[in-house]
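**Student:** predicted model and sequence below, questions to follow.
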Amino acid sequence: MNVNKPASAHTLKSDLKRVDSHKIKSAEYSELPELTDDMLSRGTVKRGGRPVATNPRKQVTIRLPETVLAAWKATGPGWQTRMAELLSKRVA
């Protein structure tokens with residue numbers, strides 16, 4: 001552990017207790033603009049995460065000889081993808 005770093009997690013540096021205790025008053029609503037149909041039509045919904053794959057992969061368990069696995073791993077990063085491409089070509 002580095003001595004110069006604090007042991008506790010970083011804080012947000014905000015007064016969350018004050019924010020949580022705030023009660024909205026009716027006068028604050030008058031500051032908000034009225035929602036129009038034009039405003040609502042411009043709104044979009046964005047979903048997080050990865051896009052859905054067109055050809056999703058399925059996890060399987062397969063037993064291979066250690067020499068075969070070592071040879072594929074020796075080809076460097078992406079060996080699993082290359083193996084899948086070779087198998088796909090063989091099936092097609």
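**Tutor:** Happy to help now that I have it. Numbering: from 1, shown residues only.
**Student:** for the spatially most distant residue from the centre of the chain, what are phi and psi?
**Tutor:** Most distant residue from the mean C-alpha position of the chain: A27, 39.3 Å away (Cα atoms, centre = their mean). Phi and psi for A27, reported as degrees, to the nearest 10, are phi -70, psi -30.
**Student:** got a list of what it touches?
**Tutor:** Going by Cβ atoms under 8 Å, 6 or more residues apart in numbering, A27 touches no other residue. Glycine gets a C-beta too; all of them are placed from N, C-alpha and C.
**Student:** for it, give its distance to E85.
**Tutor:** Per Cβ to Cβ, to the nearest Å, A27 is found 64 Å from E85.
**Student:** the one helix or strand in the chain whose mean pLDDT sits lowest: which residues count as buried?
**Tutor:** One helix or strand of the chain scores below all others by mean pLDDT, DSSP states H and E: helix 26-29, with a mean of 82. Buried residues in helix 26-29, counted by 16 or more other Cβ atoms under 10 Å: none are found.
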